[in-house]
Each structure stands twice: as structure tokens, then as C-alpha cells.
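> Here is the input, now give the coordinates:
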Amino acid sequence: MNRRTVLAGGAVGAMVVVLPAGASGTPSVRARTDAEIYGVPTVDPLISQRADPWITKPVAGQYYFTGSVPEYDRLIVRGAPTIEGLATAEESVIWRRPATGKMGGHIWAPELHRIGGRWYIYFAAGDAGDVFRIRTYVMESALDDPRDPAGWTLKGQLLTEWDGFTLDATSFTHKGRQYLVWAQSEPEIAVNTSLYIAEMANPWTLKSKPTRIATPTRSWEIIGYKVNEGPAVLIRNGQVFLTFSASATDSNYCMGLLTASASADLLERASWTKHPDPIFTTNDATARYGPGHNSFTVMPDGTDVLVYHARDYQQITGDPLYDPNRHTRIQKLYWHEDGTPLFGIPVGSGGSIVRLSPADKPRSFVKHEGDVLRAAHAPRELELTQFRFVASTSPGTEIIQSVDQPAKFVTVSGSTVALGTTGTPVTRIPVRDGVTIRVSPGRYLVVKNGQLTVGDKATVFKLS
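Prediction:
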């Protein structure tokens, strides 16, 4: 199923499998499991103590991972046929910093790219005598497997318009042109880093002069440090989406979003619009702090996956840069019907996530407004529409947990349905167009006049 169908609402429902007729002659129905519906592994964290995570799209049936290690002293690569398999995959050290001299300082934020049939790693390195004299460097391998250290050679420093603090380079191709986006401190601008874009002559050389497309000015971008860094690019639905991270690397770290038309000149500053608010932030309820420095990958079926790091505690002793527990995490990236991404919140640990749509209104989703539950058309507040079905103490039943308020569950009292601290056990009953949700014999969840209530005539819900 293509993305156009998804955006048109054609893929919001749960696929059902009609099995052969039983003795009664009535076909039985099996709904997809929640894991099949969610489509993205839920192991959390995916990889411990690996910050600035980068997961490639599948290359010859393999995913590859790289990221910053807490010691900031080496470049690593993992590979596995599945994203989940990266969690336990053997880690290969493909390069270590020298003991002295240039590149002997902090090693940060590697990214692994397949360009022109070769592998390239962009990474930031300081010098042994000044670990924060950070510049961007490029390595190349002609081997098919980027985990093999024997293939890697240093191409050298990636030179920009001026010599300054430079990091977090990412590369992408659009309309036959190769681009680089990176973070750098620019002379005479009183911020730590801004974001720049340039066209590339080859994977280690810029072709055009840089264009500054974002600088930290908003309140959420300047906490602790004035930072725009960690760019990641996703091209979908006629637009170029560029996420970035802002503020200090503690719980204030967060993600912002730039957008440009896919038909625009990406080297023109006016082509880019910055979203006024952060799009992915710390969440106390799910205990995920400082989410950011993200990348994007895809599942084999094309489902978009958000890759990022975050801690699971807020209080840090000492400089947060040296706290090792920024862990790699993944979750599904959703799309609004207008073609723009919905990031929601860092969802925390737990099982697969679903959204509930009335079968007769597949572009509407059950959401909570406070503790009140209703069905709303295409809400932008993704996190208010996300739920988990978790096991109940009553055999054969489940309770429905809110994802953004995990201490609350769907609770039924008479005909009132709301979020509460004790969930009401329910039973899902697969039907041809989705599922019905029974709360007691002959009583079901029903959407009536936009509100979630209880009745004897069940609403059929599609799970998406």
C-alpha cells in the first residue's frame, strides 16, 4: 500500500483475515495483532549508552547502526537484518582516535551514508591538546560491509567557508543533487551553533557556499546553550522536513522542525520555515528526558521510524555531556492527513501502540481531552490518541492504557467512559471491519455524538 493511500485514510483500519467457514457456515475473522498494527519494534531502549544514533535504511537486507560512545574515543558500526536485531548485534570498532595530535580529542556523532556505491562516515573530532576544537571529518570504505575496519580510509577534514567549531554533518540527495547540512559556529554571530546547507561536489567536498538556514533565537532553543544542531532530513509528500536539536544536552534538549517545499531552491534561506514550537520534548509522565539528535529509517514495508536518544532520569550529576546514559530509542513516525509528520511524545516503555477509529469515520480517532474521551477528526495531538491494550487481572480481558498518561486507563462507570486510575476490563471481538469492544455482557463501547459512551449496539473500531 502506498503512502498516498495512507494519507487518504485508506490504511487507517486494522486489516482482518477471513478464515474458512466453521461448522456453522459463518466465516471467522482474525484481526491483526497490535504488534502487526504498530509495525515497529517496542524494545526500549534499543541500544543502551549510545547517543546521537544513526540507523541506515536497509542496504542489501541489512540495517547498520552507529552513534556516539560515552568515552568519545572511537567509531563503531553494528549490522543486523532487522532493526530489533541491532540491539544484540556485535559491535565493530572501525576506527580509534590517535593518542596525540589532530583528531585525538572528543569523537562525536558519526553518521553512516551509502553514496555512489561506497560507504562514508561523517563525524566530529577534537584535537588531543584541545578536545573541544571540534571539526568535521570524512572516512570512506569501498567494501560492501561497513563493519570491516580494513575498508576504511580517512579522506580528511570537510572544509567549510571558515574554520570554526563544526559538527553533526548529514548528507542527502534530492533531485539528483547531493547536499550537506551541518551545525557550525559562525564568526560575529553570538550563538553556539547554527545550521547550514551547501551542495556537494563529492562526498567530502562542498561545491557551493554555505547558506545559514536556522539559528537559535526562540526560548526553547537557548536554554543552557544557544544551539541548533543534529539535523536529519526526511523527504515526503512534496516537502523536505529537516529536524534538529536545540538547547543544552540535559532535560532541556528538544527537537525543532524546518520545512521547505520539495520544488524550492534548498540553498535559499527563504525556502525554509521554522516551526515556532519544539516538536519533540522531555516528558515527565513517560520518564523520557532530553530527547533529540534524531535520525530516520524505515521498516521493510516503508513505515517511517523515528530514531533518537533520551535519558530515563532528569537529575544529572556534573556536566551532562559526560553522563553516559543517553540511550538509543525508536518509535513509529505518524503522518497527518495533510502530509505533515506527527511526532507525539517519547512514548516510554511498554507494548505496541494503537489508535482507535470508528469504522464509519476512519479519519477520526478516539482521543482524551483531560480525562474525557471523544472521537475527533484528524487530531494533531498524536499522543492524546495513542493507547495500549494491556493484560487485565480478569482472564481473557484487557484494559486500555493511555500512552501519554500511563498511570491512567479507560474506565467505565454506568454509561460514562473516561480515563481513570483503575481500568475497566474489556474484551475485543474481531469483526469483518475491525473490532468491537465489550465492557460487560451485551454492553459495548460506542461513539455517540462524538463522545465515547456505552450502549447495546457496538461501534466497530478500526485499529491503526
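> only C-alpha atoms for contact and neighbour calcs from this point on.
OK.
> any idea how the protein splits into domains?
Per automatic domain parsing, the domain ranges recorded for the chain read 3-37+352-463, 42-342.
> JSON lines for these, including mean pLDDT and mean neighbour count?
As requested, the domains of the chain are arranged in JSON lines below (pLDDT from 0 to 100; neighbours: other C-alpha atoms under 10 Å):
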{"stretch": "domain 3-37+352-463", "mean pLDDT": "86", "mean neighbour count": "18"}
{"stretch": "domain 42-342", "mean pLDDT": "98", "mean neighbour count": "19"}
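> Got the phi and psi for residue 269?
phi -60, psi -40 (degrees, to the nearest 10).
> And for the one 3 residues further on?
Geometry field for residue 272 lists phi and psi as phi -110, psi 140, criterion degrees, to the nearest 10.
> Not including adjacent chain positions, what is the nearest residue to it?
Among residues not flanking residue 272 along the chain, residue 260 sits closest, at 4.8 Å (C-alpha to C-alpha, 6 or more residues apart in numbering).
> Downstream of the strand or helix carrying the one you found, the next helix or strand is which one?
Using DSSP states H and E, residue 260 sits in strand 254-261. Later in the chain than strand 254-261, the nearest helix or strand by DSSP H and E is strand 273-274.
> and that following strand, how far out from the chain's middle?
On the basis of C-alpha atoms, centre = their mean, to the nearest Å, strand 273-274 sits 20 Å off its chain's mean C-alpha point.
> same thing with stretch 307-315?
The answer for stretch 307-315 is 13 Å, by C-alpha atoms, centre = their mean.
> Just the residues contacting it, thanks.
Identification of contacts with stretch 307-315 by C-alpha atoms under 8 Å, 6 or more residues apart in numbering yields 50-55, 250-251, 287-297, 325-331.
> Out of the residues you listed, which sit inside helices?
Cross-referencing the contacts of stretch 307-315 against helices under DSSP state H gives no overlap.
> Now do the residue nearest to residue 272 against residue 457, distance only.
47 Å (C-alpha to C-alpha, to the nearest Å).
> Name the residues that touch the longest strand along the chain?
Longest strand of the chain, by residue count under DSSP state E: strand 130-141. Contact with strand 130-141 is made by 104-106, 118-127, 151-159, 164-169, 204, as judged by C-alpha under 8 Å, 6+ apart.
> partners of it, with directions?
Looking at strand 130-141 with DSSP bridges, its partner strands are strand 118-127 (antiparallel), strand 152-157 (antiparallel).
> quick one: the first one to chain centroid distance?
With C-alpha atoms, centre = their mean as the basis, the distance from the averaged C-alpha position of strand 118-127 to the chain average is 23 Å.
> ditto for stretch 329-345
For stretch 329-345, the distance to the chain centre is 8 Å (C-alpha atoms, centre = their mean).
> swap in stretch 293-309?
Offset of stretch 293-309 from its chain centre (C-alpha atoms, centre = their mean): 6 Å.
> quick thing: my sequence starts at 50, can you match it?
That works, and once the first residue is 50, the last one we named lands at stretch 342-358.
> Quick one: end-to-end length of it, please.
7 Å.
> same question, stretch 422-432
Start and end residues of stretch 422-432 are separated by 13 Å (C-alpha to C-alpha).
> List of residues touching that stretch?
Against stretch 422-432 from outside (C-alpha under 8 Å, 6+ apart): 385-386, 391-394, 406-407, 412-417, 434, 452-453, 466-468, 496, 499-501.
> Across the sheet, point out what pairs with the residue nearest to residue 321.
On the basis of DSSP bridges, residue 309 is bridged to residue 289.
> Please, which helix or strand holds residue 85?
Using DSSP H and E, residue 85 falls in helix 83-87.
> What distance do you get for the closest residue to residue 164 other than its chain neighbours to residue 228?
Distances taken as C-alpha to C-alpha, 6+ apart put residue 252 closest to residue 164, at 7.4 Å, once the chain neighbours are dropped. Taking C-alpha to C-alpha as the measure, residue 252 falls 9 Å from residue 228.
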